[in-house]
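>>> Below is the structure, and that's it, no one-letter string:
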């Protein structure tokens, strides 16, 4: 390793923040190079001084009034911290049930000669049109979708 | 550093509705959190606002907290994000004011004046030479002593980015100490 590369890596070498392989290479260079060793010493010293100055520095602390006021602000917000439960969210629960129901309906239609829809059969006996009926439990609205044998949408009926 | 058992119990209590457990959970971190915000913002009032907002956010997002992680570092992450958001917002506002008054004599504004008055300690003056990202990395890695991986996680960036910024920050600080704070170099 050259001095130039070692000096580039020196700030990170000062507190062993390099990857182990690179750190070993820099250390090997430093052991053999007085100038780089001196520079590493300076970095380490600067870091130590800064950390000591930071520890000795007086940093602000909360006044009891500010702290109490913050804790009081959290009280009206109490429901926000609670763990969300599935049952506590009826809309999500209803949507999930509806999704499962629709999924099951589609699967039944795909894998069985089911009774879900009316089928038209082609001359070869293959069904050519499939219909899927969706009924809203809330409004009673009924929609029928017609799909061909490739499941391409052919039309609907309200 | 992982979450201890007492903290886990307190989190469970809060999530089951005993929100009064939040105070004993965060009390050990109230001063370290404020110190972090102070070093990132270099302004006492703003640090207080950042910390308050961070604690409120922590309270609201507690259900999403990963208990395998250090609670302190999670709080630090929220505070660092809040400080960064505020810094960006202030920079945008300042740019807008400068755009609006480009032909008027330069006016630093009350914020800048307050900041100048606030910069008192040596360490804060040293930190002033760093870019916001370098300052975040240096404060978390060197002053709060998080490791590289945890610093990256806290700041939402890669370990490579942390190393690059840390290297640059230490280089600048060494220069600043050498040129402006020789007594720090001498250890006085």
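Now that the structure is in, tell me what you want to look at. This structure is a prediction, so every number in the text was calculated from the model and none was measured.
>>> average model confidence for stretch B:129-140?
Averaged over stretch B:129-140, pLDDT sits at 91.
>>> what's the answer for stretch B:163-176, then?
On average, stretch B:163-176 scores 92.
>>> How far away from the center of its chain is that stretch?
With C-alpha atoms, centre = their mean, to the nearest Å as the basis, stretch B:163-176 stands 17 Å off its chain's centre.
>>> Count the neighbours of residue 150 for me.
Here I'm looking at chain A. Number of residues near residue A:150 (other C-beta atoms under 10 Å in any protein chain shown) recorded here: 5. In this view, the C-beta of every residue, glycine as well, is placed from N, C-alpha and C.
>>> Not quite, go with chain B.
Counted with other C-beta under 10 Å, residue B:150 comes out at 20.
>>> neighbours around the residue lying closest to it once chain neighbours are set aside, how many?
Counting by C-beta to C-beta, 6 or more residues apart in numbering or on different chains, residue B:150 lies nearest to residue B:73, which is 5.7 Å off, once chain neighbours are set aside. A total of 19 residues lie near residue B:73 under the criterion other C-beta under 10 Å.
>>> can I assume residue B:73 is in contact with residue B:152?
No: with contact defined as C-beta atoms under 8 Å, residue B:73 does not count as touching residue B:152 (11.3 Å).
>>> host element of the residue nearest to residue B:150?
helix B:71-100 (DSSP states H and E).
>>> what's the average pLDDT for that helix?
84.
>>> Flag every buried residue along it.
B:71-84, B:86-87 (16 or more other C-beta atoms under 10 Å in any protein chain shown).
>>> Same question for stretch B:142-155.
Neighbour-count burial for stretch B:142-155 flags B:142, B:143, B:144, B:146, B:148, B:150, B:151, B:152, B:153, B:154, B:155 (criterion: 16+ other C-beta under 10 Å).
>>> and stretch B:53-68, which residues are buried?
B:53, B:54, B:55, B:56, B:58, B:59, B:62, B:65.
>>> for stretch B:159-179, that is, sorry about that
B:162-174, B:176-177.
>>> picking that back up, tell me who's in contact with the residue nearest to residue B:150.
Residue B:73 makes contact with B:1, B:146, B:150, B:153, B:154 under the criterion C-beta atoms under 8 Å, 6 or more residues apart in numbering or on different chains.
>>> Can you tell me the closest non-neighbouring residue to the last one?
So that's residue B:154. Closest to residue B:154 by C-beta to C-beta, 6+ apart is residue B:77, at 4.4 Å.
>>> any idea how far chain A is from the one you found?
Separation of residue B:77 from chain A (C-beta to the nearest C-beta, to the nearest Å): 18 Å.
>>> could you list every residue that touches that residue?
So, once contact is read as C-beta under 8 Å, 6+ apart, residue B:77 ends up touching B:153, B:154, B:155, B:156.
>>> Would you check how far apart it and residue A:108 are?
Applying C-beta to C-beta, to the nearest Å, the value for residue B:77 to residue A:108 is 48 Å.
>>> Quick check, residue A:54 in contact with residue B:124.
No: here residue A:54 does not reach residue B:124: they are 9.6 Å apart, not a contact under C-beta under 8 Å.
>>> Domains of chain A: list them as residue ranges, please.
A:3-56, A:91-157 (automatic domain parsing).
>>> Report the distance from the longest one to the chain centre.
Which is domain A:91-157. 34 Å.
>>> Is chain B within reach of it?
No: judged by C-beta under 8 Å from any C-beta of the partner chain, domain A:91-157 makes no contact with chain B; its nearest approach is 15.1 Å.
>>> just the shortest one next, same as before
Yes: remark: domain A:3-56 sits within contact range of chain B at A:9, A:11-12, A:14-15, A:17-18, A:42-43, A:45-47, A:49-51, A:53-54, by C-beta under 8 Å from any C-beta.
>>> Can you list which of these are found in helices?
A:9, A:11-12, A:42-43, A:45-47, A:49-51, A:53-54 (DSSP state H).
>>> Reformat those residues into TSV and put distance to residue A:24 next to each item.
Below are those laid out as TSV (distance: C-beta to C-beta, whole Å):
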residue	distance to residue A:24
A:9	12
A:11	17
A:12	13
A:42	22
A:43	18
A:45	23
A:46	23
A:47	21
A:49	27
A:50	26
A:51	25
A:53	31
A:54	30
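>>> Farthest pair within those?
Spatial extent of those (C-beta to C-beta) is set by the pair A:9 and A:53 at 25.1 Å.
>>> if we can go back for a sec, looking at the ones in helices among the residues of domain A:3-56 next to chain B, spot the one nearest chain B.
Nearest to chain B among those is residue A:11, at 3.7 Å by C-beta to the nearest C-beta.
>>> does chain A sit close to the one helix or strand residue B:125 maps to?
Using DSSP H and E, residue B:125 falls within helix B:122-127. Yes: using C-beta under 8 Å from any C-beta, helix B:122-127 reaches chain A at B:122, B:123, B:124, B:126.
>>> Please consider this matter closed, and thank you.
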